[in-house]
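Chemist: Below are the sequence and a predicted model for it; my questions follow.
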Amino acid sequence: MSYDIVIKNGTIVDGTGRAGYRADLAISQGKIVEIGKVKDGAAKTIDASDLIVGPGFIDPHTHYDGQICWDPLVTASSWHGVTSVVMGNCGVGLAPCKPEFREIATWDLVNVEAIPFEVLNQGLTWDWETFPQFMDAADRRGSGINLGFLAPLTPFRHYVMGEESMERAATPDETARIRALIKDAVAAGALGFSTTNAPQHIGYKSRPLACRLADRAELKAYASTLKDLGKGAIEIIINRRVDAITAEECDLLDMLLTASGRQVTWLVLRKFVHAPNAYQEMLRAADGVIKRGAHPQLATMELIGEFSFRQPSLALALYPSWKPAFNATLEEQKALYSDPAFRAAFREEATRRPGLFSNIWNRVTVNFASNPAIRALEGQTVEEVARARGRDPLDTFFDLPLEDNLETRYCSAMTEVPTELLTDSRVLLGESDGGAHVADFCTAGYTSDLIGKWVRERQMLSLEQAIKRTTSEPADFFGLRDRGRLVPGLAADVVIFDYNQISCGARESVNDLPGGGRRFVVRSKGIEYTIVNGQVLYQGGAHTGALPGHVLRS
């Protein structure tokens, strides 16, 4: 007998949490067929002596909805041993979509996920209308890794309600029609649906993102589709304040759990620099619903965000005074930022409601500028520049970009990692936001970072725990029964890496988006092979030319 691939002499860490062990692994016709001492030959033999052999990582929180149209390798995630991604998170996406609503759907993705309009306008193929057609189009296009899809509520509301979706709750008749479309999507293979309550999630022309206007009756109806079908999960940004969760929000989670009979994953749970202990109180407040299956999702990389005034960040969208800046022209934005009334309103909001942009002038740094005079200030904080100029820090914050035709970009540390939660089974690891916030940050390399930093360097958890948390746990959450473990009979998604070398590289700026658009990426180090559905996708960091990914259907 001859296999397609035999991996010899590797240390198998199988995704179940059991201790690693030395063995061979054989692959045939896209499946794992034998683990142990493999005696038969293979078309390809990989010597994994001194290497770790694990299941391909599964990223539960990405926004590659548009990028899969132009990047079949789904970078940067696939560089880091990720063999399956879940997109359509946070209630925003591109399907279903009637032709007359394409611009609205595009701007929703621009505003919520910070992907430039010009990039999407050039890169989207629009070879779909319904959600099942969207998944089918991804299947036809081909992909290096496996693609899983949540049905995002916003475009479903657009599809049925038109522009009124951004103005009001749905009527009972509209709710029934939206419910039927979501049920069709999950029946066709969507992994569930997603929505958001976050006030910073602004839609087309600064109107509320449509899914935010869905009332309890709507959400209960949509959740019940999962109970009807006996499959799927819900993802929701539940808290209106990033650093607190209310009893009302916990009650909404409880309703979604009951109506769906399925699990829920919710955001945002982070250790924010401005409120470092808030996450602990949020876990206490939500303890009851967490025990019932509402798992908070946790990012495992510090968030160091870069942002500009030309494309304002979501953190700024938290403040009502900033809404006119979204989707505005350059001249309109310049006029707004120069307006003393706007600055006064923002100052008052930041003082009245402490948050990410309160008392941060010693943490916001000039990171990039085009104007040579401003470029000379790169690396200095707004507080330092203001002191040297004899100016107020908030006014300086606006003055510098205005002196640079809004080309100046700032950088700020927003979050840290609550390391005690890395081993907390209540928490689903993920929230990489792969494919989103492309010019602000890139945390798509969290799997390499988790093992390199938190396992090898800091010893905050074992290698077996880290692999289980990034493979079988997300697979189980989304019902991906043939992924996430190295077990004979399951799909052959495998990552082979050097434990002593694996790490996530420094953030790089590249101009590889459609039309030469700029994004940040992070490269991996130490990953020797990535195998998807039994085919080698990467060897020694180089793409083999194969596109073996599948659309994952629930």
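Modeler: Thanks, I have it. All values derive from a computational prediction rather than experimental measurement.
Chemist: so what are the domain limits for this structure?
Modeler: Using automatic domain parsing, the domain parsing of the chain gives 57-301+423-445, 306-413.
Chemist: now those domains in CSV, with distance to V455 and mean neighbour count?
Modeler: For every residue, glycine as well, the C-beta is placed using N, CA and C. Formatted as CSV, these follow (distance: least, CB to CB, whole Å; neighbours: other CB atoms under 10 Å):
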stretch, distance to V455, mean neighbour count
domain 57-301+423-445, 11, 22
domain 306-413, 23, 17
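Chemist: Tell me which of those lies nearest to D14.
Modeler: D14 sits nearest to domain 57-301+423-445 of all these, at 13.6 Å, using CB to CB.
Chemist: Can you measure across that closest one, start residue to end residue?
Modeler: 11 Å (CA to CA, to the nearest Å).
Chemist: Also stretch 155-175?
Modeler: Stretch 155-175 has an end-to-end distance of 13 Å (CA to CA).
Chemist: Could you tell me how far A114 is located from R523?
Modeler: 21 Å (CB to CB, to the nearest Å).
Chemist: Help me confirm that V536 is found in a strand?
Modeler: Yes. Under DSSP: H, G, I helix; E, B strand; the rest coil, V536 falls within a strand.
Chemist: ok, it touching G545?
Modeler: No. Taking contacts as CB atoms under 8 Å, V536 lies outside contact range of G545: 9.8 Å.
Chemist: More neighbours: the two, which one.
Modeler: Comparing V536 with G545 by other CB atoms under 10 Å, the one with more neighbours is V536, at 21 against 8.
Chemist: residues touching that one, list them.
Modeler: Neighbour list for V536: 5, 44, 529-530, 544, 546 [criterion: CB atoms under 8 Å, 6 or more residues apart in numbering].
Chemist: could those go into TSV alongside distance to G232 and neighbour count?
Modeler: Converted to TSV, the contacts of V536 look like this (distance: CB to CB, whole Å; neighbours: other CB atoms under 10 Å):
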residue	distance to G232	neighbour count
I5	33	21
K44	37	14
Y529	33	22
T530	28	29
T544	34	15
A546	30	15
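Chemist: For those, give me TSV that also has distance to G515.
Modeler: Formatted as TSV, the contacts of V536 follow (distance: CB to CB, whole Å):
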residue	distance to G515
I5	39
K44	39
Y529	33
T530	29
T544	28
A546	28
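Chemist: among those, which two are most distant?
Modeler: The largest separation in those, counting by CB to CB, is between K44 and T530 at 14.0 Å.
Chemist: Distance from the helix or strand bottoming out on mean pLDDT in the chain to the middle of the chain?
Modeler: None of the helices or strands of the chain scores lower by mean pLDDT, DSSP states H and E than helix 314-317, at a mean of 78. What separates the centre of helix 314-317 from the centre of its chain is 17 Å, taken as CA atoms, centre = their mean, to the nearest Å.
Chemist: Which elements pack onto it?
Modeler: With contacts defined as 3 or more CB pairs under 8 Å, 6 or more residues apart in numbering; DSSP states H and E, helix 314-317 has these neighbours: strand 304-308.
Chemist: Contacts for the strand it packs on next, please.
Modeler: In contact with strand 304-308 (CB under 8 Å, 6+ apart) are residues 313, 315-316, 367-368, 401, 406-414, 437, 439-441, 520.
Chemist: among these, which are in helices?
Modeler: Among the contacts of strand 304-308, the ones falling in helices (DSSP state H) are 315-316, 401.
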